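Engineer: Dropping the sequence and predicted coords here.
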Amino acid sequence: MKVAISVGHYPQRQGNQIDWSNKRGKITEYSEGLLVAGHLMNMLVNRGIHTIPVPTGTLTEKIKFINKKRPNYAFEIHFNGFDRGYSGRVQGSECIAFTESREGVPLARLITKSISDRLGNRNRGVIESKRHAFVRDTLYSWAVIIEPFFMYREMMFFEDPAIHQKIAFAVLRGFVSHLNSQR
Ligand SMILES: [Zn+2]
């Protein structure tokens, strides 16, 4: 069994970002995703799981790489966001899986629950999507896009220096629950 781990976005276009100058400077989906992915890969390797880091690149490049390697599972780490001017109360964790994906949807559900249980934020559930290329075009893998929380609304999570490790552990636990349910 092989698992590919991908970080959302790439150095030239880092996704959602915040200038947190009094703390850590500019933090982005990419910078935070790298940290989560690092912890997650270590945790998977420590469990003896064949783990494949997806090289940095555009989404198309990453999907191409994954299709070449054909891992059983592929995860990509993101952080949710919306325009800074947004005044609503949108918050919580969610995952995205391909519509009606036999393993992708239940796996995404377990990961979302594991994250929201551990972070104590809202469980927004699973978005079943035909639109997101990462879950649509990874042809040989059960793929999940992971969105642990909304960067702008839930900044308090970044106050916790162990947050990346916590998210990685939550993803691992959700994934292991899924593997156990497949036996
Ligand atoms: Zn993103």
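Structural biologist: Great, that's in hand. From a predicted model like this one, the values you see are computed outputs, not experimental measurements. Numbering: from 1, shown residues only.
Engineer: residue contacts, whichever residue of the chain sits closest to the ion?
Structural biologist: Taking C-beta to the ion, the ion has its nearest neighbour within the chain at His78, 3.4 Å off. Where you see a C-beta, it was placed from the backbone N, CA and C, and this is true even at glycine. Residues in contact with His78 (C-beta atoms under 8 Å, 6 or more residues apart in numbering) are Gly8, His9, Gly15, Glu29, Gly33, Ile145, Ile146, Glu147.
Engineer: Please apply the same query to Arg153.
Structural biologist: Residues counted as contacts of Arg153 (C-beta under 8 Å, 6+ apart) are Arg89, Val90, Gln91.
Engineer: could you redo the last one with a cut-off of 10 Å?
Structural biologist: Arg153 sits next to Asn80, Gly81, Phe82, Tyr86, Gly88, Arg89, Val90, Gln91, Gly92, Asn121 when contact means C-beta atoms under 10 Å, 6 or more residues apart in numbering.
Engineer: Those in helices, which ones?
Structural biologist: Of the positions in those, not one sits in helices, assigned by DSSP state H.
Engineer: burial measure for the nearest residue to Arg102 once chain neighbours are set aside, as a count.
Structural biologist: Counting by C-beta to C-beta, 6 or more residues apart in numbering, Trp142 is the residue found nearest to Arg102 once chain neighbours are left out, at 7.9 Å. The tally of other residues near Trp142 (other C-beta atoms under 10 Å) stands at 23.
Engineer: Now do the contacts for Trp142.
Structural biologist: Going by C-beta under 10 Å, 6+ apart, Trp142 touches 3, 71-75, 97-98, 101-108, 135, 178.
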